[in-house]
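In: Predicted model follows, preceded by the sequence.
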There are 2 protein chains.
Amino acid sequence: MSTIKATNITWHESHVERAERAKLLKQKGCTIWFTGLPSSGKSTTAFTLEHELIKRGFLAYALDGDNVRHGLNKNLGFSSEDREENIRRIGEVAKLFADAGLITMTSFISPYREDRDQARKIHDETGLKFIEVFVDTPIEVCEVRDPKGLYKKARDGELKGFTGVDDPYEAPLNPELTIDTKSQSPEQIAADILEYLMGNGFLSTTDKH
Amino acid sequence: MSTIKATNITWHESHVERAERAKLLKQKGCTIWFTGLPSSGKSTTAFTLEHELIKRGFLAYALDGDNVRHGLNKNLGFSSEDREENIRRIGEVAKLFADAGLITMTSFISPYREDRDQARKIHDETGLKFIEVFVDTPIEVCEVRDPKGLYKKARDGELKGFTGVDDPYEAPLNPELTIDTKSQSPEQIAADILEYLMGNGFLSTTDKH
């Protein structure tokens, strides 16, 4: 009854090699880790880049609060242990996505250097590239944007432990890229990151379409 | 300097739609959840299927002990709470992978019906298909295979809480597929699952090569 011949199938005892997926997708899996203050423009940049990659035939996926906080990390609160565990799990999931061949983006404040360095370390250990992108928008600009009124709440003392107000943001020391959403449009930033991915061999340079 | 024109790029405030990735990949993301006793053949089946899908140009990824236990779930032990949390996280990560468009496989004993049903529920809620595959190998067969000598250790009392020996395995009541690794080869089983995926519209029926 089966139209697929079992005799053409080979028994395997191990995973598909990373290189095989890279060949199929014409791209090398990696993690683009956006970090920056609340309202600095991390998600807009990630979403814009995600759309542009897909449009060009490359597989990309953005991990962010929408798809992570209410799912995988819904049992975590805002204690310092839970914040650390939040970033740890995101790093591990990003690593799995990168291993699977995707251009993976993470869009979280991730304020602590140590947590980001740990995420980088687990990528490095398995030969996966971790591209840290510092969304370097000055706090004055973020605070004027404040789409959800969170800075205001933090300033009014209604919100405790808010990054940039009463909790520190530790800027990356050696990010692969630093972007400035004050003077550059999201479109220009996405173009620059695409350029970086092309220039560093993550995307096949010939357009797939 | 940039060869990519920012003027061709559109600013986006939200994720790429699932349908756009499906179009790109010529497949619909889903989760194939293998469940069965230790040494029942879950991983061999998942690996064989993973290779066959990639060979045919489809993007597949198997989550298993190798890539999950020592990473995302390395802070979990074997208490009943930790076992439940182990399966919960795997379900959430599989959901993210399926959302990203991959034919996702999970290869874990996952002995409790309630935990598997919970993983199914979170897929159902977001319109993602959860395909439960019961690897129905009789315990006598698993115990003869016993590649790591774990059944023996459990019988000798050196290993506590071992599924099938002193911890229960709750067989699925309504799995999408039941496979029998005693009478069928991994090759035949992989062919049957491929057939199921084709027949149910998860893979474009024309060969991509």
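Out: Nice, thanks for sending it over. Numbering: from 1, shown residues only, chains lettered A, B, ... in the order given.
In: What residues sit buried inside stretch A:65-76?
Out: A:67-68, A:71-73, A:76 (16 or more other CB atoms under 10 Å in any protein chain shown). The C-beta positions use only the backbone N, C-alpha and C, and glycine is treated the same way.
In: All the helices of chain A, residue numbers only.
Out: Along chain A, the segments classed as helices by DSSP state H run A:18-25, A:42-55, A:65-68, A:80-99, A:113-125, A:139-145, A:150-155, A:186-199.
In: from the ones you listed, which stretch is densest packed?
Out: helix A:42-55 (a mean of 23; mean count of other CB atoms under 10 Å in any protein chain shown).
In: before we move on, back to that, any idea which of the helices of chain A has the lowest pLDDT on average?
Out: Mean pLDDT is lowest for helix A:65-68 out of those, coming in at a mean of 89.
In: And that one, what does it pack against?
Out: helix A:80-99, helix B:80-99 (3 or more CB pairs under 8 Å, 6 or more residues apart in numbering or on different chains; DSSP states H and E).
In: so who does the spatially most central residue of chain A touch?
Out: The geometric centre of chain A, computed from its C-alpha atoms, lies nearest to A:T106 (CA atoms, centre = their mean), at 1.9 Å. By CB atoms under 8 Å, 6 or more residues apart in numbering or on different chains, A:T106 lies in contact with A:31-34, A:46, A:62-64, A:90-91, A:94.
In: if we can go back for a sec, of all the helices of chain A, which one is nearest B:R113?
Out: helix A:80-99 (25.6 Å; CB to CB).
In: could I get that closest one in PDB with only the CA atoms?
Out: Taking C-alpha atoms only, helix A:80-99 is exported to PDB below (Å, rounded to 0.1, in the frame of the first residue of the first chain):
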ATOM      1  CA  SER A  80      17.400  37.500  40.400                       C
ATOM      2  CA  GLU A  81      17.600  33.600  40.100                       C
ATOM      3  CA  ASP A  82      14.600  33.500  37.800                       C
ATOM      4  CA  ARG A  83      16.000  36.300  35.600                       C
ATOM      5  CA  GLU A  84      19.200  34.400  35.300                       C
ATOM      6  CA  GLU A  85      17.300  31.100  34.500                       C
ATOM      7  CA  ASN A  86      15.200  33.000  32.000                       C
ATOM      8  CA  ILE A  87      18.200  34.100  30.000                       C
ATOM      9  CA  ARG A  88      19.900  30.700  30.500                       C
ATOM     10  CA  ARG A  89      16.900  28.900  28.900                       C
ATOM     11  CA  ILE A  90      16.700  31.400  26.100                       C
ATOM     12  CA  GLY A  91      20.400  30.800  25.400                       C
ATOM     13  CA  GLU A  92      19.900  27.000  25.300                       C
ATOM     14  CA  VAL A  93      16.900  27.200  23.000                       C
ATOM     15  CA  ALA A  94      18.700  29.600  20.700                       C
ATOM     16  CA  LYS A  95      21.500  27.200  20.500                       C
ATOM     17  CA  LEU A  96      19.100  24.400  19.500                       C
ATOM     18  CA  PHE A  97      17.600  26.600  16.800                       C
ATOM     19  CA  ALA A  98      21.100  27.600  15.500                       C
ATOM     20  CA  ASP A  99      22.100  23.900  15.500                       C
END
